[in-house]
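**Q** Quick check, what structure comes out for this input:
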Amino acid sequence: MTRHEKHFSSNKEKEFEFTCRKHGLSLTIQRRAILENLAGRTDHPTADQIYDAVKEHLKGVSKTTVYRVLETLVNFGLARKVNNPEAKARFDADTSRHHHLTCITCGAVLDIHAQQLNRLSFPEELHGDVEFIDYSINFNGRCPACLKKSGAKNTE
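**A** As a prediction, the model looks like this:
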């Protein structure tokens, strides 16, 4: 884990504790372990992938518990569901506004932190009719590893 990832994970742990206390949620071992696993990852895992990662450390944890904890984390703003073309939800502990590239070859989901995408103008005809709360853009393309394997060059 890089220094940045350790810092992010530590901050996420503090945010988790504050949020649980604020909303009267128990600081359970399951919630802590699932958030810790999610915060330490950058691969935008599915609930099943998180279950596979934590079941060794949390004897007796069920998939249902993992799904419920992830939904709780999303509901309290500690994680996000990532839009992607797959039917399975993917999760991200980074709740700052950022965007994603989904690889059409291997299915990897990569973060895109591009400030210019955070300053989009919305069509005037929508103002007053809708309320924009947040947005995330999902690009479909090929990741660096798949580009390298195919010998293709990124022309962007």
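**Q** Give the burial count for F132, as a bare number.
**A** By the measure other Cβ atoms under 10 Å, the count of residues near F132 is 9. (Each C-beta comes from the backbone N, C-alpha and C, glycine too.)
**Q** element containing the closest residue to it other than its chain neighbours?
**A** Take F132 and drop its neighbours on the chain: the residue closest to it by Cβ to Cβ, 6 or more residues apart in numbering is F122, 6.1 Å away. If you go by DSSP states H and E, F122 is not part of any helix or strand.
**Q** Look up how far E131 lies from F122.
**A** Between F122 and E131 the distance is 11 Å, computed by Cβ to Cβ, to the nearest Å.
**Q** Check R21 too.
**A** Following Cβ to Cβ, the distance that separates R21 from E131 is 30 Å.
**Q** same check, this time on D48
**A** 34 Å.
**Q** Between these two, tell me which one has more neighbours.
**A** Shown here are D48 and E131; by other Cβ under 10 Å, D48 has more neighbours (12 against 7).
**Q** show me the contacts for A47.
**A** K63, V66, Y67, L70, K88, A89, F91 (Cβ atoms under 8 Å, 6 or more residues apart in numbering).
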